[in-house]
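In: pasting the sequence and the predicted coordinates here, then a few questions.
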Amino acid sequence: MSCPRTPETDFAAFAADRHAPQFAALRDHYPRCRDCADEVARWSRMLGALREEEARVSEHPSPERLLTFQSAPADLAPSERAALEAHLASCAPCRGELRVMADFDFAALGAPASPRPGRVGWLSTLGERLFGRPLQPALALLSLLAVALPIGLLAWWLAARPEGESRVPPVARVAEAPAPTPERVAPGPEPEPRPAPVAVANEPTPAREFPPPAVPEEPAPTAPAPVPIAPTEPAAPLKIAALLPAELPRYRPDASLAGGSLEPVRVASLVRSGEKPLPALDAFAPEHVGATAEASPVVYWHLSAPSEVPVEIAVFSEDAEGTPLADVWLEPPVAAGVHAFRFAEHGLELEPGRTYFWFAALVPDRANREHDAVAGAALRRTPLSAEVRARLDATSPAERAHVLADAGYWFDAFTTYATWLAAEPGAANLRAARAALLEQVGLGALAGS
Amino acid sequence: MSGRAEDWAAVLERLQGGDRLALAQLARLINSFLARWNAYDFRDDWDDLIQEVVLAAATALRDGRIRERGAVVGFLKSTARFKFADRLKAHLRLAEDATLPWQELLEGPLEPSADEGSTELRRDLREALARLPEKERRAVAAVHVEGRSYEDAAATTGIPLGSLKRHLREGLARLRAELGPALGERS
């Protein structure tokens, strides 16, 4: 080390507050000095590793969300808009990207600037992101259906059925959905890991026909109860709250569990502006592809207010070409609050290593699905590693959800807390643990739900 | 699906058609280069630099100066690096043909995950973090892991602001000393 300034410089103080006036001389010096430049680079690498430790890089809103925020903020749910505003308040690079988008001189390219992101572009991009390929077949099919403004994944999904509801008779509510078609069912509990599960994903994809709902002796309830978090769990209190660790769970996203990427895919209340207001719809899920070790997991979604329009729940495989593996309707009124969708109740088993997408949609007009509000997310089944199994074996049952969250299995950790909370609804620490998981995936606004 | 390589030539072509989303994607990419190069001391220049790089790449592709579509990302990175170095020299009032040591540090893998050393560094970092005295660990975690402001970190950890800054500086110095080899320091 030849530079006399290097050993005398308080790089720790510089790293902690590099824009402070007292470091003006250092900012001017280090780019010219090999020793000091090396040392700043090492500090930068260390601080970068600290940032990656929290996976903060992945928390930047996607370019699509930034663009929507800038040009069509009304298309964002209030909670999503608030989250973006909070992020922008503390993120100079994202603010810079907004400025670039506002100031860029398209005329210099001889190009016509799109005045705002069209819904087609937004959802097409979403479809590309979800399925990794353009959605041209969807557009072709939509043209056959003569839908006015079909778009992206949602349009593809919708295009897979005829207008109206003739092929998908509504069912009263998730918990009362009819039994799944036998050919899709892989009954019975599944040992873990399972080398060759009966996959729902690779089957041919004929038009899925649900049997009509059984005619009940009494009128079916039309208003699902809110917070049906664990209606099938044992009623006896588990008394787990008293044993819960004092510290809150900490979710550690793991790209290897999510198919190699933590790219955001979650959608919240995707709806056009200027239409009749609909309740906000949110999927309880990480922004990226979330991991589950369960063959038939439970996923949750949230409705901000009672809905006077039907809600459709659909599940897709990443290679299902637009045909849902499950398609369930909730007839209005649909209560506000947290709702559960249990894959097992619909005969769905996830194949390990494959990504699945699930969506909830508010459907104000079944004949014209462009007015839907959609929330959705993605999940991927990844069996527990031997290390995680060993950790689970070595910890008490009350620590199970903490271990799952730490190992990257957000869905399983959340479901565990939700199940415990259903048994002990007054347990503040269980509620706090569940809220922590929501906050850690950018859903802090729903933490009190 | 996730993990696939982006076709940056196609993104540039969409930009030429006036697609603002393409612009947003390019801005994000170039931002990531600048962040990797630790260009935070020259943050005020980022916006202009991004626009210059995007324009240069779009024009080069249109004019056939980028012959391989797969070379677009390399063109973007090289152009960003040269333009950043030019601005740096202007800030430092150096001649354009001067060579800065800092420039040599701008080379490196595009993806941090591609750096085999990063996994080892993260592992060592976790271990070093765990060995820090509690208040230093809480201060470092609050500010540099969780990204909180000093005031927010002080409120969250319950450590007074002045003490938090001291613990933060001492904790960072301790981490730096422990991670020397992992950060490429020659012993």
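Out: Arrived safely, thanks for sending. Numbers count the residues shown, from 1 in each chain, chains lettered A, B, ... in the order given.
In: C-alpha from now on. contacts and neighbour counts both.
Out: Noted.
In: stretch B:47-64: which residues count as buried?
Out: B:47, B:49-51, B:53-59, B:61 (16 or more other C-alpha atoms under 10 Å in any protein chain shown).
In: what's the following helix or strand after the lowest-mean-pLDDT helix or strand in chain B?
Out: Counting by mean pLDDT, DSSP states H and E, chain B has its least confident helix or strand at helix B:101-104, which shows a mean of 61. Of the helices and strands lying after helix B:101-104 in sequence (DSSP states H and E), the nearest is helix B:116-131.
In: distance from that following helix to the middle of the chain?
Out: 19 Å (C-alpha atoms, centre = their mean, to the nearest Å).
In: list the buried residues for it?
Out: B:118, B:121-122, B:124-125, B:128-129.
In: could you do stretch B:82-90 as well?
Out: B:83-89.
In: need those residues in TSV (columns: distance to chain A, secondary structure and pLDDT).
Out: Shown next, in TSV, are these (distance: C-alpha to the nearest C-alpha, whole Å; DSSP: H, G, I helix; E, B strand; the rest coil; pLDDT from 0 to 100):
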residue	distance to chain A	secondary structure	pLDDT
B:Lys83	15	helix	85
B:Phe84	12	helix	84
B:Ala85	10	helix	81
B:Asp86	12	helix	81
B:Arg87	12	helix	80
B:Leu88	8	helix	78
B:Lys89	9	helix	76
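In: specify the beta-bridge partners of A:Val267.
Out: A:Val267 has the following beta-bridge partners by DSSP bridges: A:Gly376.
In: is A:Glu85 located within a helix, as I assumed?
Out: Yes. Assessed by DSSP: H, G, I helix; E, B strand; the rest coil, A:Glu85 belongs to a helix.
In: count the residues that sit near it.
Out: 13 (other C-alpha atoms under 10 Å in any protein chain shown).
In: any idea how far it is from A:Cys91?
Out: 10 Å (C-alpha to C-alpha, to the nearest Å).
In: for A:Leu303, give me the pLDDT.
Out: On pLDDT, A:Leu303 comes in at 89.
In: name the element the residue nearest the centre of chain B belongs to?
Out: The residue lying closest to the centre of chain B (C-alpha atoms, centre = their mean) is B:Ala35, at 1.8 Å. For B:Ala35, the element it lies in under DSSP H and E is helix B:20-36.
In: helix or strand next in line after that helix, which one?
Out: That would be, after helix B:20-36 and using DSSP H and E, helix B:46-62.
In: so what's the closest residue in space to B:Ala58 that isn't next to it in sequence up against?
Out: Spatial nearest neighbour of B:Ala58, excluding adjacent residues (C-alpha to C-alpha, 6 or more residues apart in numbering or on different chains): B:Leu12 at 5.7 Å. Contact analysis of B:Leu12 by C-alpha atoms under 8 Å, 6 or more residues apart in numbering or on different chains lists B:22, B:57-58, B:61.
In: may I see the buried residues of the helix or strand containing B:Leu12?
Out: If you go by DSSP H and E, B:Leu12 is part of helix B:8-16. Buried residues in helix B:8-16, counted by 16+ other C-alpha under 10 Å: B:8-9, B:11-12, B:14-16.
In: backbone dihedrals for B:Glu170, please?
Out: phi -70, psi -40 (degrees, to the nearest 10).
In: so it touches B:Glu136, yeah?
Out: Yes. With contact defined as C-alpha atoms under 8 Å, B:Glu170 counts as touching B:Glu136 (7.0 Å).
In: neighbour count winner among the two?
Out: More neighbours surround B:Glu136 than the other of B:Glu170 and B:Glu136, with 23 against 20 (other C-alpha under 10 Å).
In: which strand or helix spans the more buried one?
Out: Counting by DSSP H and E, B:Glu136 is found in helix B:134-140.
In: buried residues in that helix?
Out: Result for helix B:134-140 [16+ other C-alpha under 10 Å]: buried residues B:135-140.
In: that older thread, can you redo the buried residues of helix B:116-131 as TSV with distance to A:Glu351?
Out: Shown next, in TSV, are the buried residues of helix B:116-131 (distance: C-alpha to C-alpha, whole Å):
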residue	distance to A:Glu351
B:Ser118	31
B:Leu121	34
B:Arg122	31
B:Asp124	35
B:Leu125	35
B:Ala128	39
B:Leu129	38
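In: now for the helix or strand A:Phe411 falls within, which elements pack on it?
Out: If you go by DSSP H and E, A:Phe411 is part of helix A:410-423. On a contact count with 3 or more C-alpha pairs under 8 Å, 6 or more residues apart in numbering or on different chains; DSSP states H and E, helix A:410-423 meets strand A:290-292, strand A:298-303, helix A:400-406, helix A:428-439.
In: tell me which of those is the most buried.
Out: Most buried of these, by mean neighbour count (mean count of other C-alpha atoms under 10 Å in any protein chain shown): strand A:290-292, with a mean of 28.
In: how big is the angle separating the helix or strand where B:Lys165 lies from helix B:116-131?
Out: Counting by DSSP H and E, the element that carries B:Lys165 is helix B:161-178. Comparing the axes of helix B:161-178 and helix B:116-131 via axes from the mean of the first three to the mean of the last three C-alpha atoms, to 10 degrees yields an angle of 130 degrees.
In: helix B:161-178 near chain A anywhere?
Out: Yes. Applying C-alpha under 8 Å from any C-alpha of the partner chain, one finds helix B:161-178 in contact with chain A at B:168-170, B:172-173, B:176.
In: out of the contacts of B:Leu12, which one sits closest to chain A?
Out: Nearest to chain A among the contacts of B:Leu12 is B:Ala58, at 7.6 Å by C-alpha to the nearest C-alpha.
In: okay, and for chain B, where does confidence drop off?
Out: B:1-5, B:41, B:93-118, B:185-187 (pLDDT under 70).
In: rerun at 50
Out: Along chain B, segments meeting pLDDT under 50 span B:1-3, B:109-115.
In: how's it carved up into domains?
Out: Domain ranges of chain B: B:8-112, B:115-183, per automatic domain parsing.
In: so what's B:Thr157 up against?
Out: Here B:Thr157 is in contact with B:138-139, B:142 (C-alpha under 8 Å, 6+ apart).
In: could the residues you listed go into JSON lines alongside distance to chain A?
Out: Formatted as JSON lines, the contacts of B:Thr157 follow (distance: C-alpha to the nearest C-alpha, whole Å):
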{"residue": "B:Arg138", "distance to chain A": "13"}
{"residue": "B:Ala139", "distance to chain A": "11"}
{"residue": "B:Ala142", "distance to chain A": "11"}
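In: A:Leu379 belongs to a helix, doesn't it?
Out: No. Secondary structure of A:Leu379 (three-state DSSP): strand, not part of a helix.
In: pipe the buried residues of helix B:116-131 into JSON lines and attach distance to chain A per row.
Out: Converted to JSON lines, these look like this (distance: C-alpha to the nearest C-alpha, whole Å):
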{"residue": "B:Ser118", "distance to chain A": "8"}
{"residue": "B:Leu121", "distance to chain A": "7"}
{"residue": "B:Arg122", "distance to chain A": "6"}
{"residue": "B:Asp124", "distance to chain A": "10"}
{"residue": "B:Leu125", "distance to chain A": "8"}
{"residue": "B:Ala128", "distance to chain A": "11"}
{"residue": "B:Leu129", "distance to chain A": "10"}
